[in-house]
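*Asks:* Quick one: sequence and predicted model below, then my questions.
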Amino acid sequence: MNRRLSALSALCDAFIPAISKTDDPDGYWARKASDVQAPERILELLAGVKAEDKVQFDQLLFLISSPLLGLTWFGPLKPADRLTPSQCTDLLRHWAESPLPQLRNAFNVLRKLTALIFFGDIPAGASVNPNWKTIGYQLFNSYVQPDPAPLPVFRPQPGATLDCDVLVIGSGAGGSIVAAELAAAGCDVLIVEKGDYAPTHAFNQQELPMLRRHFESGGLLTSQDGAVTVLAGSTLGGGTTINWAGALRTPDYVLEEWAREHDNPHFLEPAYEKGFDMVEHRNSVGAGFQHDIQNQLLLDAAATMGYRAGAIPMNMRFPENLPQDVAWKAAGYSCYGDAYGIKQGAVQTFLPDAVAHGARILPNIDIQRIIVKNGEAVGAEGAGLRIHARRVVAAAGALHTPVLLLKSGLTHPHIGRNLYLHPVAAVGAFYQQETQPWYGPMMSVIVREFERLDRNWGVRIECPPLHPGLAAFAMGWDGGERFKADLMDISHLGVHICLTRDRFGGKVSVGKRSGQPVIHYRLNDYDKQHLLRGMLESVRLHHAAGAERISVMHNQPVHFSPDKGRLEAFLKEIRAKNWGANHFSLFSAHQMGTCRMGGRKDYPVKPDGETREVRNLFVADASLFPSASGANPMLSIQALACWVARQVG
């Protein structure tokens, strides 16, 4: 392991090297990746990923610590720690554009992890990341107070047998609504969540600890080929705890598509729309928030260009015990869990409602199997518990629900198929004025101009919250000095994400080693063209907003300075790039469609939410979506869960 760690250190230090600068009062330029224990932290982080990913990374460690490494870049037959720093840099550049997808994946894995730790982690024994002073970032936790009303959680004895009317597996946008509705109707409801419960004051806003505690695989979940980084909640409240507060209804044209093309007439019924009304009211959804600078720049640029744009409704409410300017700034940190009770996720709304009507919550319980007898769901088991239930609702999300159904013996051929991800690419720009993109409502502006490029398919443009770790994680790399210079200017950065409504999906399978979800997804050329169109329009919007430099995230990043070149020539350069798998960073925060609801037999779930194969087994999460929702899916899930709850009851 010492040889492997030494080789890993050499490559980490090639990504983020020590650079001699005469003006370096805080040691930023002199600090290299290994000075903040990045290699050791990488090994620690990867201990938390599923077995299939560990095998791949062990193979990578073997390669970089072997003389065979030279064969991957036509260099000397030496392991990485026997190469010079310039040779390590040459190796990484070769991997970045290698014709072998495995080497491009290796480049991106090491780049992302090194950058995430160097800029987002707090080394052992320190109170802050040593780079934050130079880049102008700080935590915003001085106002955090103990949670005045934490949720009660139920912790049964190991080996216990439990009984309930309705077992709800998952506590996110879907599970929390079903639990609240059925508990209010008088059912004895048991909510089981595989993730942890953290009261608000436990969200310390530090990127690495929050990613590890509240995200699937610690935020390191990817598609099998590594091309898509998948951000998904694994905590009480699910995605509502770590999402960006966007509260958008399913577009009318998508509801009509789901109703007419997939035989789900309820999507067009007035009663279904009332579900949206209810959840918006309970979530305190509104759009009257002041935009942060990067969102305002996007809105102004869209107006200049005549593009259709507007404010995104958000499920936020500023507490009375916080000054308004403090609450406004603090809202930007809610993507790592809300320490102030600003964002009205499931833990603030529907889970307390469920508890108030007698529901019990069991966190840290990973259900392994739904018990089926004579074609009927009668309970579940996992973590040493056996639970008897008269009805079971799977609401574990579009990644885990199909895996749970398959492990429980269901055999419908479409379970796990039709996975939609809303694939996202980012375009960044540096502005003369400070943007401080970690402050303020996280994602408050949307450009809808291109959402229907071809019938119902297209791309939307939004702004994400930016914190140093994930910003560095997503940033393109074309040399250590340039990378450090870009991150030093993060307080002037604005980023657009181009969110594609993907028409062609992938699938989820059960990992043979881990029993966990394995994601198979390749961006279809049809969807890729829409994504590329979004990136080109994003460049135009940054240009209209007065950006000083625009950067398109790619393994070979491309940059444009308006005072030094022509915009159309830059757009042509972008089009000419290779946008294949692992040539650029692709992200997903929305997973949908793996147990689709529909009126025909080739849909695993019927229009009432009950599975076709097993009676009294219902599904109530984004896996029900017949196709991608085309909008940030929280409200879509919640309205659909309202419908399912009425069918279960």
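*Replies:* Nice, thanks for sending it over. Computed from a predicted structure; not experimentally measured.
*Asks:* mind listing what's buried in stretch 258-278?
*Replies:* Within stretch 258-278, the residues scored as buried using 16 or more other CB atoms under 10 Å are 258, 259, 262, 264, 266, 267, 272, 275, 276. C-beta coordinates here come from the backbone N, C-alpha and C atoms, glycine included.
*Asks:* ditto for stretch 300-316
*Replies:* 300, 301, 302, 305, 307, 309, 311, 312, 313, 314, 315, 316.
*Asks:* domains in the protein, as residue ranges please.
*Replies:* Listed domain ranges for the chain are 2-135, 161-197+232-284+337-419+594-648 (source: automatic domain parsing).
*Asks:* among those domains, which is the most enclosed?
*Replies:* domain 161-197+232-284+337-419+594-648 (a mean of 22; mean count of other CB atoms under 10 Å).
*Asks:* Span of that one from start to end?
*Replies:* Domain 161-197+232-284+337-419+594-648 has an end-to-end distance of 23 Å (CA to CA, to the nearest Å).
*Asks:* chain center to it: distance?
*Replies:* 19 Å (CA atoms, centre = their mean, to the nearest Å).
*Asks:* average pLDDT across that domain?
*Replies:* Averaged across domain 161-197+232-284+337-419+594-648, the pLDDT comes to 97.
*Asks:* did I read that right, residue 426 in a strand?
*Replies:* Yes - using DSSP: H, G, I helix; E, B strand; the rest coil, the secondary structure at residue 426 is a strand.
*Asks:* residues of the helix or strand containing residue 484 that come out buried?
*Replies:* Per DSSP states H and E, residue 484 falls inside helix 480-488. By neighbour count on 16+ other CB under 10 Å, the buried set for helix 480-488 is 480, 483, 484, 486, 487.
*Asks:* roughly how far apart are the residue nearest to the fourth one when sequence neighbours are not counted and residue 466?
*Replies:* Pointing back at residue 486 there. The spatial neighbour of residue 486 that comes closest, neighbours along the chain excluded (CB to CB, 6 or more residues apart in numbering), is residue 475 at 6.2 Å. Plainly put, residue 475 is 10 Å away from residue 466 if you go by CB to CB, to the nearest Å.
*Asks:* Same check on residue 639?
*Replies:* 30 Å.
*Asks:* Which ones among the buried residues of stretch 258-278 lie within helices?
*Replies:* 258, 259, 272, 275, 276 (DSSP state H).
*Asks:* The third one against residue 643, yeah?
*Replies:* This points to residue 272. Yes - in this structure, residue 272 is within contact of residue 643 by CB atoms under 8 Å, at 6.0 Å.
*Asks:* can you list residues touching both of those two?
*Replies:* residue 266 (CB atoms under 8 Å, 6 or more residues apart in numbering).
*Asks:* Enumerate the beta-bridge partners assigned to residue 393.
*Replies:* residue 168, residue 618 (DSSP bridges).
*Asks:* likewise residue 285?
*Replies:* residue 315.
*Asks:* is it true that it touches residue 313?
*Replies:* Yes - if you go by CB under 8 Å, residue 285 and residue 313 touch, sitting 4.9 Å apart.
*Asks:* Need the overlap of contacts for those two.
*Replies:* Common neighbours of residue 285 and residue 313 (CB under 8 Å, 6+ apart) are residue 247.
*Asks:* quick one: the residue most central in space within the chain from residue 587, how far?
*Replies:* Centroid-nearest residue in the chain, with CA atoms, centre = their mean: residue 231, separated by 2.3 Å. In this view, residue 231 and residue 587 are 7 Å apart by CB to CB.
*Asks:* which one of the buried residues of stretch 258-278 is nearest residue 179?
*Replies:* residue 275 (15.4 Å; CB to CB).
*Asks:* burial of residue 225, as a residue count?
*Replies:* 17 (other CB atoms under 10 Å).
*Asks:* Spit out the contact partners of it.
*Replies:* Per CB under 8 Å, 6+ apart, neighbours of residue 225: 101, 105, 522, 581, 582.
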